[in-house]
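Chemist: When you get a sec, could you give me coordinates for this:
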Amino acid sequence: MKTKCSLNVCMYLFITFVYLFGVFSCASNQLSDNGWEIKVDEKKETITIVHQKLDTILDTIRLGLNTDNTIEYCSQWESKIGQNVITVTAMQPQKTTWEFHTEDTILQIKCSTLNGRLTAQAPADKNRIPARIEEQDNGVLYTSLGQVSANNIFCLFDRNTDTMIKFPQHSLLSRNSDNENNMDVAFSVKDGVEITLVPDYYINILGLKYYQPKRKFFNTAPVAWSSWYCYYMGTTEQDVMKETDVLAEHLKPYGLEYIQIDACYTRGAEANYLEWTKETFPGGGKQLFQYVQDKGLKPALWVNVYGSNYKNAEMSEKYPDNYYLRDKNGKLSSACCTADSTVVRLDYSNPEVIKKHLKPMFRTLKDDWGIKYLKDAGWGTWIDYFNKNKAQAYDSTKTGRELYLEVQKALRKTVGNDFYIGGCAMHEVGLGFGIFDGSRIGGDDRAIWYPKREGGMSMQTYFHSLFGGNYLNNIVWHCDPDAAMVRSPLTLEEGRTVVTAIGLTGQLYMASDFMGKLSQHKLELYQKTIPTTPIVPVDLYPYKIESNKRNGVVWCCPRVKEFPRAIDLKVNHVAGMYDVVSVFNWKDNQTTEEIHFSEDLGLDPDKEYIVFDFWNKQLKGEFADGISVSVPVHGTRVLVIKPASDIPQLLSASRHITNTVSLKELLWDQKERKISGTSQLVQGDKYSLFFFVPEGFEVTDVLADNEVLYHKMTGNLLEVALSGNVEKVQNNNVSWSVKF
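Modeler: Reported below is the predicted structural model:
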């Protein structure tokens, strides 16, 4: 009896094993070919698409049929593997066949019916970002802050591998409500569609010679003041101290960090990078930078590291002659852009120059002088000069480019990773990737709107650099379009255009104005656009540039054929997902400009939107298709655009153009009919919150940790003004609430 029972148990277990083996062995199929893996789970009726270079591309894929604008998902799956293809047959709601066919960089998807639709999730964290390609250009430059999406963005760019993932053109990619690191993806299959991979996108498509993701040590671009476009070579110690005083009081609380002294301090036979010109800097650089630090700011310095004073070297009484680079006639040559000819080119093919000059000098500048930021200058001219005169060099076996990078690598190792290096190579784009934190991408500008002569300096140069190089910003480095300026003869509207363009792209923010002489209105232009934020471009292509290649290599200083009609910054922050749109007028007369929500911005055509004018603090109203706005000469209208809601919502805060810098927390309590939040204020700066209040709501109470100056309704717009007196709250964080 015992034996019979044991046999029965064994037979039962065997049958169960065979059954389960049959179920699970038939429950999934996997095709691995051409670098792709297509995994079909018949039991769960889902598919996963993986690529060996990128890992998961689509997950939790479901197959369905479009019926009366709804999706009916297919069931009762069977799958089989063929050559480079896996086929799924679904029996319900009707028999359909789906094919997934792999090629090298293409996955073809076909369905036997014209109403087939695929839904899935796509990994899309901060390293795999929404992207538009050049063929999608519609005259509006897209940028992003946070993890965003739009109806007309159907590509993802993988920053780590330089790979563009192109989904079918009319795909809908929207942020998953439960996990912002995923996109919900949906597209019709119809006669067949493709998912295309574009490897080495920045190299093969955009034409860069090199690609390397941005260094991760500085999340946002710096905000600095430069002496150059105010005082040029005539800068004095007193000038810098005077500007430092003003900047510490009026812009440091808003986010300005650095005081940068540009080329001016090495004039004369005795002066060098450590012994400054006595007439203009009697106290010397170390003492001046201590003054800067005592004001709570960080010292920054322009240095052409490829030069040194021949008669009075920095790190010894005199360097050996083989430290210097000479031409075929044995003559020394001036290093680029220095105060005078006393600073001459070094010969970095001699390794002693790095060891005994560069490294000890920068240890002094960093550790003893407290420098935190280097504008690494020279415009790349050393490379060309060395290549031309290498026969006279200490070692002629290397190229100028190789030696240039050896110098930069040694410099980076000396100063460490927490030291900001802004390159000024002005050579091929890519020189310094992985070493520089940021880089100049264009020529010098000037505080006038148009140049005085063709090809001359003006703020047009600034815009060419900013728009033409934006595709590089926060991808490979921070782009430095040169100095922002708003002073006369630039008008207030022109100044707004300048600071808005930098504020909505997140590029390196270098201001160069006489800050103490600016009107309060112009000073506010800076206060409301700093600090920079970690904005990433969505449009990953050079914006409408003329050819800027030399011998097939992308070169610096882009020129844009036509500036964009608008910038659309797409934001995902504590206040939700919204757009900050700058509508420009590049003409010499006032114009009316139109922005279409769906066509221009990729917004949902079935929704209505509330529009708020940031600079003018005005509610424009509620709109469905788009908006027309009057824009002054050379000016801009900055519109905050949010989906309409049947409850009160925060539209904007007065502090910063992106509406992300001050706002730390935002909540709506449906039961108490109350909006509450936390904002970080600037001491002494009145802070306003602007709400849209739908019909049927009335304000009953407004509270804050500090004084509520007033609250007032203008139509549907509620402004709540808070005092800038925040001495009694921790970290300037003020909690507030509005009850309805």
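
Chemist: What is the burial count for residue 403?
Modeler: Applying other Cβ atoms under 10 Å, we find 24 other residues in the vicinity of residue 403. For every residue, glycine as well, the C-beta is placed using N, CA and C.

Chemist: Quick check: phi and psi on it?
Modeler: According to degrees, to the nearest 10, the main-chain angles of residue 403 amount to phi -70, psi -40.

Chemist: wouldn't it be in contact with residue 346 here?
Modeler: No. In this structure, residue 403 is not within contact of residue 346 by Cβ atoms under 8 Å, at 10.2 Å.

Chemist: Out of the helices and strands in this protein, which is least certain?
Modeler: Lowest by mean pLDDT, DSSP states H and E among the helices and strands of the chain is helix 2-25, with a mean of 44.

Chemist: Output the contacting helices and strands for whichever helix or strand comes after that helix.
Modeler: Later in the chain than helix 2-25, the nearest helix or strand by DSSP states H and E is strand 28-33. If you count contacts as 3 or more Cβ pairs under 8 Å, 6 or more residues apart in numbering; DSSP states H and E, strand 28-33 packs onto strand 36-41, strand 75-82, strand 85-92, strand 96-102.

Chemist: please redo it, this time with the cut-off set to 7 Å
Modeler: strand 36-41, strand 75-82 (3 or more Cβ pairs under 7 Å, 6 or more residues apart in numbering; DSSP states H and E).

Chemist: so of those, which one's packed in deepest?
Modeler: strand 36-41 (a mean of 21; mean count of other Cβ atoms under 10 Å).

Chemist: where does that strand sit relative to the chain's centre, distance-wise?
Modeler: Distance of strand 36-41 from its chain centroid, counting by Cα atoms, centre = their mean, to the nearest Å, is 35 Å.

Chemist: Quick one: distance of whichever strand or helix holds residue 187 to the chain centre.
Modeler: Assignment of secondary structure by DSSP H and E places residue 187 within strand 182-188. The chain centre lies 25 Å from the centre of strand 182-188; the measure is Cα atoms, centre = their mean.

Chemist: likewise stretch 399-411?
Modeler: With Cα atoms, centre = their mean as the basis, stretch 399-411 stands 27 Å off its chain's centre.

Chemist: Now that we're looking at residue 380, what pLDDT does it have?
Modeler: Per-residue confidence (pLDDT) for residue 380: 89.

Chemist: That one contacts residue 428, correct?
Modeler: No. Contact criterion Cβ atoms under 7 Å: residue 380 and residue 428 do not qualify, at 8.2 Å.

Chemist: picking that back up, can you list the helices and strands that the strand holding residue 187 packs against?
Modeler: Counting by 3+ Cβ pairs under 7 Å, 6+ apart, the packing neighbours recorded for strand 182-188 are strand 116-123, strand 172-175.

Chemist: Doesn't residue 387 belong to a strand?
Modeler: No. Secondary structure of residue 387, determined by DSSP: H, G, I helix; E, B strand; the rest coil: helix, with no strand assignment.

Chemist: Give me the distance between it and residue 462.
Modeler: 31 Å (Cβ to Cβ, to the nearest Å).

Chemist: Neighbour count for those two, which is higher?
Modeler: A side-by-side neighbour count of residue 387 and residue 462, using other Cβ under 10 Å, places residue 462 first with 24 against 13.

Chemist: Regarding the nearest residue to the more buried one once chain neighbours are set aside, what is its secondary structure?
Modeler: What sits nearest to residue 462 in space, not counting adjacent residues and going by Cβ to Cβ, 6 or more residues apart in numbering, is residue 445, at 4.3 Å. Here residue 445 is recorded as coil under three-state DSSP.

Chemist: show me what contacts residue 421?
Modeler: 374, 376, 412, 435, 436, 437 (Cβ atoms under 7 Å, 6 or more residues apart in numbering).

Chemist: what number of residues lie near residue 146?
Modeler: The burial count for residue 146: 19, using other Cβ under 10 Å.

Chemist: ok, now residue 448?
Modeler: Counted with other Cβ under 10 Å, residues neighbouring residue 448 total 17.

Chemist: Okay, the closest residue to it other than its chain neighbours and residue 464: tell me how far apart.
Modeler: Excluding its sequence neighbours, the residue lying closest to residue 448 (Cβ to Cβ, 6+ apart) is residue 458, at 4.9 Å. For residue 458, the distance to residue 464 equals 10 Å [Cβ to Cβ].

Chemist: Please apply the same query to residue 147.
Modeler: In terms of Cβ to Cβ, residue 147 sits 30 Å off from residue 464.

Chemist: Same question for residue 116.
Modeler: From residue 116 to residue 464 the distance is 46 Å (Cβ to Cβ).

Chemist: OK, contacts around the one residue sitting closest to the centre of the chain?
Modeler: Of all residues in the chain, the one closest to the mean position by Cα atoms, centre = their mean is residue 536, 2.8 Å from it. The contact partners of residue 536, taken as Cβ under 7 Å, 6+ apart, are 129, 143, 144, 474.

Chemist: That one: what's its closest spatial neighbour, skipping adjacent residues?
Modeler: residue 474 (4.8 Å).

Chemist: hang on, the one you found packs against residue 216?
Modeler: No. Residue 474 is beyond contact range of residue 216, at 10.9 Å (criterion: Cβ under 7 Å).
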